[in-house]
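1. Sequence and predicted structure are below.
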Amino acid sequence: MNVEPKKKIVKEIKVNLDKCIGCRACEMACSGFHAVPKFSSTNPARSRIRVIVEDRKDVYLPVRAGDYTSAECTGRNTYTIHGKEYSQCSFCTVSCPSRDLFKEPDSDLPLKCDMCESVPPLPEPMCVQVCRCDALTYVEKEEAVVAEEVKRDEIDMGLEALVSKHGINKVVDTVTKLSKTLKR
Amino acid sequence: MRYAETGFNLEIDLSRGSIDRVATDPKLTELYLGGQGTTAKILWDRVAPEVGPMDPENLLIFSTGLLHSTSVPGANRTSVDTFSPQTDRYSHSVFGGFFGPEMKFAGYDKFIFHGKAKDLVYVWINNDKVEIRDASHLKGKGAQETALILKREVGDANAQVASIGIAGENRCYMASIEHANSSASRGVGVIMGDKRIKAIIVRGTKDVYVAQPAELAEISIPMFKEMYDNKNCGDSMAHGEGDEFHVDNFAWGNARTRRSKFFTKEMEQEWIDLEDNLRQRWTGCHNCPKDCHQAIHYPGRMPYHQKCYSKLTYAMGSFGDLDFDYDIIGITQEYGMDAYSTPQTIAFAIELYEAGILTDKDLPDFPQPDGETVEGFKINKSRFFYLVEKIAHREGIGNVLANGVYAAAREIGNGADAYDHNTIKKFEQVPIKLGYVNYPYFLMFATGEKMNITQIEGSFPQTAIVDKKEREEFVKGWDAAPERFKKWLLEWEPQTNLPMDAAVHVCDWNEAMHYVDDAIGTCAFLSSFRGQFGGRPPYHIYNLPSFITRASGIELDSDGLWEVARRNRNLVRALNIRRGLRRADEKPPEDHWKKREPENEQKLLDMYYEFKGWNNDGIPTKETLDKLGLDFVSKDFIQRGILAESQGDLS
């Protein structure tokens, strides 16, 4: 067994709110890069980074799309930072039912930032490349992997959710029924 | 498949309440590109010269530029076009920000407003869903206040708003249309008010396609860095260095007095400190790396965005100071008033009062001056606050002044017209009072159709470069300039005029670049206006064609692009010719330059008209028009007797 600690590259986009000029070039570059074919169309509504702007309150917030959640959270807090008020949603990266952000406008499917993964790799994600005022900067760090995560099987998780919703008997019945009717 | 544009206009008839989404002819895009160009064609086809600006048949058109919403940086200026009641001529303004791009993402190249609503309305455009809604609750509200209310009302913080303030509602001729960090002026706000449109709010979530994706990205993405690093583009004057230039060179009061030794080092520091204190941040427009706008929060006023020369126009009109200017814009931008025309009109009124032409009867409780400057000029800050209210509300004498300097002077009478000394074609001009007539500037002021010199000048330097070595350096990397201009600049000695033929070409090039920008939506600070300072604009006649071709699929080289500019320029001129514009109207203000050369000036006009292919009266000839594909114009001119059949054939 290999005892050397495993290492992984952690990619990070740092955000400096004070430097944002609200031009939304990041949204344009992101939606262009993720279009198929690349750059064939632009549409900020498909962008995986969005600038939340409330200009009369001097709020300029680039937010990148994170994970999808099927349920709203209860967080409706406001935070005051350097005299400016932000809603909890402003900082949230989640694609969630309570807002339009980070959903494909046609299908409503969630969007997630992929750091512009591509072959060959880009030197920096597109949003960082066009953000000349350095509100967005790209950092790569090497980090040791502490412990191997025990990966749970997807089926495990899916079935567990079904069991908690419908009860074990119903799930077993259904699986049995399906095993007879479905072709292998 | 349409590239770069959507291929649809939104037609809204406010009298009937009808809304149509109308497909456009791609041939017209090839001929005029978009923006001001394609709009000029619509105005020509649909607004007869007999239609008065305030008739319901007048159109108000918001137009995206061809490159809006593509990856091309800095293409975001929305063109607004109509006919102005102040001049009875074509009226055009472009504003930055985010409005045009949002229009395109909603699926439209233009919003075309026809007719008049009965009562104040706002229009909500959410992709394909368009509604004309009651706006009685917005009556009297500030322009930005309106935007905030509407975003909440439609429940979409990402929507973009263009709105008028009380000045537009009251049909003041100097009314502006306000949007985010930008404003449109010069006669468009009054028509928005006349059509009873308080605001337009638009939200779009559709795709905009381009013809050659990889090829366009290849030249667009590096442009962000190039523009950001290029100190010769953007509004570098906003970043401090413009104050001395403006206060020392432009005229104070009613465009009368230059204070050439006004600005001092101490003042510079004081002003920088004041701005640093008021400024929340620098902001930019859609998809552009330059930060030309200041987000200002003046205590007690609604936060606003300050741009361009507006931070000094009220200060200089009133013999006031920088602090006063930032204070009063907090009011005037919410009222929706143009920061060029408004202070000039007010300074004009104050002169009339000092001369006894306006009296206390016209100006009840008119405030005393706030003291005197060191040179003995009266400081009129309080009077400015007073007159802004009168004009915006059209109260008493304000009702007369709200029609601008030219009309007010004639209505007031009693010698008031002698104080109207800074208008051209009935429109207030930038307050410049200089020594010797400058040939290209004479031509630009006299023949320009865009009414403000900043919308005409810009590619060729304003003054000769003193040092010969510097001149050579300038010319060496001057990629934006066609060859002939390099020679003229190299040979141009300070305190002399350019040769007349050079002046003709300089005027032609300067305005051509604006016609390009205003068709494709690129910002003048990145091209047409900025080449004159430093000669290194990121966009110019030689590199723009590839952006246009790769985005739209329209094959074009620099000759082709210049040809489009010529076509658009002639069509815009035709709009005014059909409404009566002639050579006799083409003159700068009498006292614009102390030393004039009447004979040479007329010779310049002759040469310029000839170069442009216009007849001696400034009317494009049949040959010129037909060659540009504007034969529908020449036919109309001959039918109306504007061109004689025989004269039409002569060049």
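-> Right, received. Where do you want to start?
2. quick one, phi/psi of residue B:110?
-> phi -140, psi 150 (degrees, to the nearest 10).
3. That one pairs with what?
-> residue B:9, residue B:63 (DSSP bridges).
4. Spit out the contact partners of it.
-> Contacts for residue B:110 (Cβ atoms under 8 Å, 6 or more residues apart in numbering or on different chains) come out as B:9-10, B:38-39, B:42, B:61-64, B:103. The C-beta positions use only the backbone N, C-alpha and C, and glycine is treated the same way.
5. Can you read off the pLDDT for the most centrally placed residue in chain A?
-> The residue lying closest to the centre of chain A (Cα atoms, centre = their mean) is residue A:66, at 1.8 Å. Residue A:66 carries a pLDDT value of 94.
6. my guess is it contacts residue A:114, does it?
-> No: contact between residue A:66 and residue A:114 fails when scored by Cβ atoms under 8 Å: they sit 11.3 Å apart.
7. Quick check: the residue of the stretch 51-200 of chain B nearest chain A.
-> Residue of the stretch 51-200 of chain B nearest chain A, by Cβ to the nearest Cβ: residue B:71 (5.1 Å).
8. ok so that residue is a strand residue?
-> No: under DSSP: H, G, I helix; E, B strand; the rest coil, residue B:71 sits outside any strand and is assigned coil.
9. How much space separates it from residue B:628?
-> The gap separating residue B:71 from residue B:628 is 31 Å, by Cβ to Cβ, to the nearest Å.
10. Repeat that for residue B:607.
-> The spacing between residue B:607 and residue B:628, counted by Cβ to Cβ, is 20 Å.
11. higher neighbour count, those two?
-> It is residue B:628, of residue B:607 and residue B:628, that has more neighbours when counted by other Cβ atoms under 10 Å in any protein chain shown, with 21 against 16.
12. and the chain, what are its domains?
-> Just so you know, I chose chain A. A:7-144, A:151-184 (automatic domain parsing).
13. My question was about chain B, not that one.
-> Taking automatic domain parsing as the reference, chain B has its domains at B:8-203, B:234-428, B:434-649.
14. and the longest one, average pLDDT?
-> What it means is domain B:434-649. Here domain B:434-649 scores 96 as its mean pLDDT.
15. could the domains of chain B go into a markdown table alongside distance to residue A:163?
-> Converted to a markdown table, the domains of chain B look like this (distance: least, Cβ to Cβ, whole Å):
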| stretch | distance to residue A:163 |
| --- | --- |
| domain B:8-203 | 39 |
| domain B:234-428 | 50 |
| domain B:434-649 | 54 |
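16. my guess is the residue of the stretch 51-200 of chain B closest to chain A meets residue A:41, correct?
-> No: with contact defined as Cβ under 8 Å, residue B:71 does not count as touching residue A:41 (9.8 Å).
17. the more surrounded of these two?
-> residue B:71 (31 against 22).
18. picking up where we left off before, please enumerate the shared neighbours of residue B:71 and residue A:41.
-> If you check residue B:71 and residue A:41 against Cβ under 8 Å, 6+ apart, the residues they both contact are A:32, B:210.
19. coming back round to it: out of the domains of chain A, which is closest to chain B?
-> That would be, of those and by Cβ to the nearest Cβ, domain A:7-144, which comes in at 3.5 Å.
20. Which neighbouring elements make contact with the helix or strand hosting residue B:122?
-> Following DSSP states H and E, one finds residue B:122 within strand B:121-126. Secondary-structure packing of strand B:121-126 (3 or more Cβ pairs under 8 Å, 6 or more residues apart in numbering or on different chains; DSSP states H and E): strand B:129-134, helix B:143-154, strand B:197-203.
21. at 7 Å what do you get?
-> Contacts defined by 3 or more Cβ pairs under 7 Å, 6 or more residues apart in numbering or on different chains; DSSP states H and E place strand B:121-126 against strand B:129-134, strand B:197-203.
22. could you dump the first one to CSV, C-alpha only?
-> Meaning strand B:129-134. C-alpha atoms of strand B:129-134 as CSV (Å, rounded to 0.1, in the frame of the first residue of the first chain):
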residue,chain,number,x,y,z
LYS,B,129,-44.6,39.0,-23.1
VAL,B,130,-45.2,42.7,-23.5
GLU,B,131,-47.6,44.9,-21.6
ILE,B,132,-48.5,48.5,-21.6
ARG,B,133,-49.3,49.3,-18.0
ASP,B,134,-50.8,52.2,-16.1
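23. hmm, it touching chain A?
-> No: shown here: strand B:129-134 not in contact with chain A (Cβ under 7 Å from any Cβ of the partner chain), separated by at least 13.7 Å.
24. just the last one next, same as before
-> No: judged by Cβ under 7 Å from any Cβ, strand B:197-203 stays clear of chain A, getting no closer than 9.2 Å.
25. Report the rounded mean pLDDT for that strand.
-> Averaged across strand B:197-203, pLDDT comes to 98.
26. How about residue B:378: what's its closest non-neighbour residue?
-> Distances taken as Cβ to Cβ, 6 or more residues apart in numbering or on different chains put residue B:369 closest to residue B:378, at 3.9 Å, once the chain neighbours are dropped.
27. Name all residues that make contact with the one you found.
-> Applying Cβ atoms under 7 Å, 6 or more residues apart in numbering or on different chains to residue B:369 gives the contacts B:378-380.
28. Could you rerun that using 8 Å?
-> Contacts for residue B:369 (Cβ under 8 Å, 6+ apart) come out as B:378-380, B:382-383.
29. Need the CA coordinates for the helix or strand hosting residue B:603. CSV is fine.
-> Using DSSP H and E, residue B:603 maps to helix B:598-612. Presented in CSV, the C-alpha positions along helix B:598-612 are these (Å, rounded to 0.1, in the frame of the first residue of the first chain):
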residue,chain,number,x,y,z
PRO,B,598,-15.7,84.8,-43.3
GLU,B,599,-14.4,84.3,-46.9
ASN,B,600,-12.4,81.2,-46.0
GLU,B,601,-15.2,79.8,-44.0
GLN,B,602,-17.5,80.0,-47.0
LYS,B,603,-14.8,78.4,-49.2
LEU,B,604,-14.5,75.6,-46.7
LEU,B,605,-18.2,75.0,-46.8
ASP,B,606,-18.0,74.9,-50.7
MET,B,607,-15.1,72.5,-50.6
TYR,B,608,-16.8,70.3,-48.0
TYR,B,609,-20.1,70.1,-49.8
GLU,B,610,-18.3,69.2,-53.0
PHE,B,611,-16.2,66.6,-51.3
LYS,B,612,-19.4,65.1,-49.8
